[in-house]
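Trainee: structure here, sequence nowhere to be found:
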């Protein structure tokens, strides 16, 4: 007999074969039905993380890879995508208190987050890479190069960038800067020497800020994966999101969206 390839089918088999008490609990937590009934998919996103999520305040709309993919996911369910503003510092708290159904926008999969939420299958393998003024590129090739008392590392608060910097750097000066949109300008202006962020972000910011160079983004300082944050226990909803993501990649939709924001 052929193995069941679809995560959605696998989840349904698990529900149908589960003992009555477990099956009832899974049904009670079926986020998928609630979203369809409500007619909207509430998406928590920070809006400050190009190319994944960016809130254009002048036009009051969201743009980015994960914004377009959120709209695709909502469309597949026959509902509207509604974007809920959050910050990296408040992301987990906002999500676990039920402010949204899914969180999207360049979110790193971490074991600490996994303790409180589900994640979709990873949609992008990514890692941390430095970005600095191009004339300083040769100076910051490794963690050891960066972790020196005369080096100022700038970082946005509350996310995995800050976590990485605090875990890996003990001698460098760490400057917390709250605006993740204008943070790269601080390096160009000489107020900081380097930032460590996701490699794909550093490549984009290199294009947006002439004078900045992404340093070895093809060889990140740390392995990482990105995924979509889902409610803990929402087995059927996770299976649906995983299958939608699989089809988006198989049909080329994912690649088209990604290329429209990165290349």
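Mentor: Done, it's in. Values in this document were obtained by computation on a predicted structure and should not be read as measured data. Residues are numbered from 1 along each chain as shown.

Trainee: okay, CA-based contacts and neighbour counts for the rest of this
Mentor: Fine.

Trainee: quick one: residues contacting residue 220.
Mentor: Residue 220 makes contact with 126, 127, 128, 129, 199, according to Cα atoms under 8 Å, 6 or more residues apart in numbering.

Trainee: and for residue 197?
Mentor: Residue 197 neighbours (Cα under 8 Å, 6+ apart): 127, 128, 129, 130, 131, 161.

Trainee: so which of these is the most crowded?
Mentor: residue 131 (29 neighbours; other Cα atoms under 10 Å).

Trainee: where does that one land in three-state SS?
Mentor: The assignment at residue 131 comes out as strand when based on DSSP: H, G, I helix; E, B strand; the rest coil.

Trainee: so what's it bridging to?
Mentor: On the basis of DSSP bridges, residue 131 is bridged to residue 195, residue 214.

Trainee: need the contacts of residue 220 in CSV (columns: pLDDT, distance to residue 217 and secondary structure).
Mentor: Below are the contacts of residue 220 laid out as CSV (pLDDT from 0 to 100; distance: Cα to Cα, whole Å; DSSP: H, G, I helix; E, B strand; the rest coil):
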residue, pLDDT, distance to residue 217, secondary structure
126, 88, 9, strand
127, 92, 8, strand
128, 95, 8, strand
129, 96, 6, strand
199, 93, 5, helix
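
Trainee: adding distance to residue 35, write those residues out as CSV.
Mentor: Shown next, in CSV, are those (distance: Cα to Cα, whole Å):
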residue, distance to residue 35
126, 30
127, 32
128, 34
129, 37
199, 33
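
Trainee: quick one: which two of these are the most distant?
Mentor: Greatest spatial distance in the contacts of residue 220: 126 and 129, 9.4 Å, computed using Cα to Cα.

Trainee: can you find the helix or strand in this structure with the smallest mean pLDDT?
Mentor: helix 20-28 (a mean of 41; mean pLDDT, DSSP states H and E).

Trainee: might one say that residue 62 is in contact with residue 55?
Mentor: Yes. Under the criterion of Cα atoms under 8 Å, residue 62 makes contact with residue 55 at 4.5 Å.

Trainee: overlap in contacts, these two.
Mentor: residue 47.

Trainee: what touches both of residue 126 and residue 129?
Mentor: Joint contacts of residue 126 and residue 129 (Cα under 8 Å, 6+ apart) are 198, 199, 220.

Trainee: how's this protein carved up into domains?
Mentor: 7-123+227-262, 127-223 (automatic domain parsing).

Trainee: pull the longest helix from this protein.
Mentor: helix 235-250 (DSSP state H).

Trainee: quick one: list the elements packing against the helix or strand that comes right after it.
Mentor: On the C-terminal side of helix 235-250, the closest following helix or strand by DSSP states H and E is helix 253-262. If you count contacts as 3 or more Cα pairs under 8 Å, 6 or more residues apart in numbering; DSSP states H and E, helix 253-262 packs onto helix 65-77.

Trainee: now residue 156: how far from residue 40?
Mentor: The gap separating residue 156 from residue 40 is 31 Å, by Cα to Cα, to the nearest Å.
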